[in-house]
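Participant: sequence and predicted structure are below.
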Amino acid sequence: MSKVITHKSGAIAQIILSNPEKMNAMTMDMWYAIPGALQSFDDDPEVRVIVISGDGEKAFISGADISQFDKLRDTEDAQTKYNACVSAAYAAPIICSKPVIASIRGYCFGGGLGFAASCDVRICAQDAQFRMPAARLGLGYDPVGVKRFMDILGLANTADIFFSARRFDASDALQMGFVSQVHPVAELQAQTMAYAQMVSENAPLTMAAAKYAMRQALMDESQKNLLKARELVKACYSSEDYREGRKAFAEKRTPIFKGL
């Protein structure tokens, strides 16, 4: 049974994409559930960071559930509805004000690769395999998604993965800059959670301001709202967390941030 599982432990929230019988191929219901899951954690003041992973040992997301294509993508109207659902799922990690980490093991293909690209940080295991197979399936890929890959990988690497539709491994992904860390399979979860814990201890307002500024920097000039970005920075300097950070630094202790 396919589903999206959510839970939290302290300041760290987790979203697990579960369709293990199909290596976590994404059904439309799963795509549909992602924005709500992320929004609920974004609204939760206890949550500081969100980790997204696939269920089991074989895949992060192996792609879209192709068995649904004939029913859900067989007409232009159906395709438009399906694409809107997927686009909303892709946008959700970007819109979320909190850091979103993709923890990737095994297959990360197609829609999985696109979704991982929407997360802020990507950490993978040595067994991770990546692929953008759209050219093998005759699928068109949304220009917004192509630009997202270009922002991460650059033009040459984006052209390579789209034109060749080849598989690439964890070392290739690290070299391209798609992932920031690669760990042995047995250490992936522990290393991801250790990183998430480190992030969760930092000042929430600073991270939200930085994420918003990054998002603005990637937009076209007509889409930018730099005034709001600067207001978020100003809010950091007037916050209790800023005073706590300075005091803790002077006292040589770990700061305790409250997001205030």
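Facilitator: Structure received. A quick note: this is a predicted structure, and the numbers were derived from the prediction, not measured.

Participant: now the strands for the stretch 51-200 of the chain?
Facilitator: Secondary structure of the stretch 51-200 of the chain (DSSP state E, counting those that start in this stretch): strands located at 59-61, 100-104, 107-109, 121-125, 129-131, 167-169, 181-183.

Participant: how about low-confidence regions in the stretch 101-250 of the chain?
Facilitator: Along the stretch 101-250 of the chain, the model assigns pLDDT under 70 to residues 219-226, 229, 237.

Participant: how does it look with 50?
Facilitator: Applying pLDDT under 50 to the stretch 101-250 of the chain flags no residue at all.

Participant: ok, which stretches of it are helices?
Facilitator: Secondary structure of the stretch 101-250 of the chain (DSSP state H, counting those that start in this stretch): helices at 111-118, 134-137, 143-153, 155-164, 170-176, 188-200, 204-217, 226-237, 240-250.

Participant: give the buried residues for the fifth one.
Facilitator: This points to helix 170-176. For helix 170-176, the neighbour count (16 or more other C-beta atoms under 10 Å) marks Ala170, Asp172, Ala173, Leu174, Met176 as buried. In this view, the C-beta of every residue, glycine as well, is placed from N, C-alpha and C.

Participant: now swap in the fourth one and tell me
Facilitator: By neighbour count on 16+ other C-beta under 10 Å, the buried set for helix 155-164 is Asn157, Thr158, Asp160, Ile161.

Participant: would you list those in TSV and tack on distance to Phe249?
Facilitator: Output for the buried residues of helix 155-164, formatted as TSV (distance: C-beta to C-beta, whole Å):
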residue	distance to Phe249
Asn157	39
Thr158	40
Asp160	44
Ile161	43
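
Participant: let me know the closest of these to Ala25.
Facilitator: Ala25 lies nearest to Ile161 out of the buried residues of helix 155-164, by C-beta to C-beta, at 19.6 Å.

Participant: correct me, but that closest one touches Asp172?
Facilitator: No - between Ile161 and Asp172 there is no contact under C-beta atoms under 8 Å: 9.4 Å.

Participant: which neighbours do those two have in common?
Facilitator: By C-beta atoms under 8 Å, 6 or more residues apart in numbering, Ile161 and Asp172 have these common neighbours: Phe130.

Participant: ends of stretch 12-27, what's the gap?
Facilitator: 26 Å (C-alpha to C-alpha, to the nearest Å).

Participant: how is this structure partitioned into domains?
Facilitator: Domains of the chain are assigned by automatic domain parsing as 3-199, 203-250.

Participant: kindly reformat those domains as JSON lines and extend each row with distance to Ile256.
Facilitator: Below are the domains of the chain laid out as JSON lines (distance: least, C-beta to C-beta, whole Å):
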{"stretch": "domain 3-199", "distance to Ile256": "12"}
{"stretch": "domain 203-250", "distance to Ile256": "6"}
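
Participant: what's the closest of the helices of the stretch 101-250 of the chain to Ser53?
Facilitator: helix 188-200 (7.6 Å).

Participant: burial-wise, tell me which of the domains of the chain comes out on top.
Facilitator: Counting by mean count of other C-beta atoms under 10 Å, domain 3-199 has the highest mean neighbour count of the domains of the chain, with a mean of 18.

Participant: mind listing what Ser67 touches?
Facilitator: Counting by C-beta under 8 Å, 6+ apart, Ser67 touches Lys22.

Participant: ditto for Ala92
Facilitator: Counted by C-beta under 8 Å, 6+ apart, Ala92 has contacts Ile34, Pro35, Leu38, Gln39, Ser118.

Participant: and the furthest pair within these?
Facilitator: The distance between the two most remote of these (C-beta to C-beta) is 14.5 Å, for Gln39 and Ser118.

Participant: average pLDDT for the longest helix along the chain, rounded please.
Facilitator: Ordering each helix of the chain by length in residues (DSSP state H) puts helix 76-95 first. For helix 76-95, the mean per-residue pLDDT is 87.
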